[in-house]
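Engineer: Predicted structure and sequence below. I'll ask about it afterward.
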Amino acid sequence: MSNIVKRILSSIVLIPLAFYFILYGSYMLIFFTIICFVIACYEWHTMTKKKPYKIYGFIFLIISFYTFYDLSVDIIGLFFVFIICVSTDIGGYVFGKIFNGPKLTKISPNKTYAGAIGGYFFSLISLIIISSYIDYPFLTIQFFITFILISTVSQIGDIIISYFKRKSNIKNSGKIIPGHGGLLDRIDGMIFSFPFYFLIDLTGYLKI
């Protein structure tokens with residue numbers, strides 16, 4: 001089975017499952033958050049081993065997962081951040097495979113400018129389609145700026161995790177998700193985007 005087919009099948013299973021826990025909330029969301037946190041910490045521990053910066057990664061993961069759970073009271077905001085991150089990842093992968101082209105950075109050799117553009121494009125189209133169904137006012141300056149910022153942070157998060165994987169001489173953070181590798185390979189953009197949106201939520205200036 002090709003890698004792209006595995007990625008598609010994994011996404012078909014995992015995305016609805018994540019939506020279920022987010023929408024259901026309560027103890028189910030706590031359980032989901034704890035399980036993902038433990039797996040992410042284990043993968044980070046395995047990836048960094050005796051690296052001096054290991055502890056900072058654990059602290060960051062605690063902050064990241066806390067902001068995710070705290071934002072669960074804002075279902076619309078949490079849902080849209082999730083959609084932006086997933087769509088950005090898919091768009092980057094698809095456009096990168098189709099158009100290839102100049103590399104975005106040496107830190108992550110597989111990232112291309114075409115992939116970055118595809119990430120923005122896919123996430124914007126996804127939000128527009130979803131917004132039309134839930135009657136949400138997406139055609140605002142605040143919405144557009146927030147979307148651009150979150151998609152950008154998601155892509156930067158992807159690059160940062162790729163940097164640490166390269167320092168550890170590994171391709172994937174784990175093998176738990178077919179076609180993706182580890183959990184951190186799947187949520188690398190999200191663990192940066194949720195804290196970022198949490199800060200946006202605190203200021204109240206830019207919100208989805």
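Structural biologist: Great, that's in hand.
Engineer: for the helix ranked longest in the chain, which positions count as buried?
Structural biologist: Counting by DSSP state H, the longest helix found in the chain is helix 141-167. Applying a neighbour-count criterion of 16 or more other Cβ atoms under 10 Å, one finds 143, 146-147, 149-155, 157-162, 164-165 buried in helix 141-167. Quick note: C-beta positions are derived from backbone N, CA and C, even for glycine.
Engineer: does M28 sit in a helix or strand, and which one?
Structural biologist: Secondary structure from DSSP states H and E places M28 in helix 26-48.
Engineer: Beyond that helix, next helix or strand please.
Structural biologist: helix 54-70.
Engineer: other SSEs contacting that following helix?
Structural biologist: Helices and strands touching helix 54-70, by 3 or more Cβ pairs under 8 Å, 6 or more residues apart in numbering; DSSP states H and E, are helix 26-48, helix 190-203.
Engineer: what residue of the protein is the furthest out?
Structural biologist: Distance from the C-alpha centroid of the chain, by Cα atoms, centre = their mean, peaks at K50 (26.1 Å).
Engineer: What score does it have for pLDDT?
Structural biologist: For K50, the model assigns a pLDDT of 84.
Engineer: Count the neighbours of the closest residue to D70 other than its chain neighbours for me.
Structural biologist: In space, and not counting its chain neighbours, D70 is closest to F198: 6.7 Å by Cβ to Cβ, 6 or more residues apart in numbering. The number of residues packed near F198 is 19, by other Cβ atoms under 10 Å.
Engineer: Okay, F198 and S87: tell me how far apart.
Structural biologist: 20 Å (Cβ to Cβ, to the nearest Å).
Engineer: what do you get for R186?
Structural biologist: R186 is 14 Å from S87, by Cβ to Cβ.
Engineer: Same check on L29?
Structural biologist: 22 Å.
Engineer: out of the two, which sits in the more crowded spot?
Structural biologist: Between L29 and S87, counted using other Cβ under 10 Å, S87 has the larger neighbour count: 24 against 18.
Engineer: quick one: contacts for the more buried one?
Structural biologist: Contacts for S87 (Cβ atoms under 8 Å, 6 or more residues apart in numbering) come out as G119, F122, S123, I125, S126, L127.
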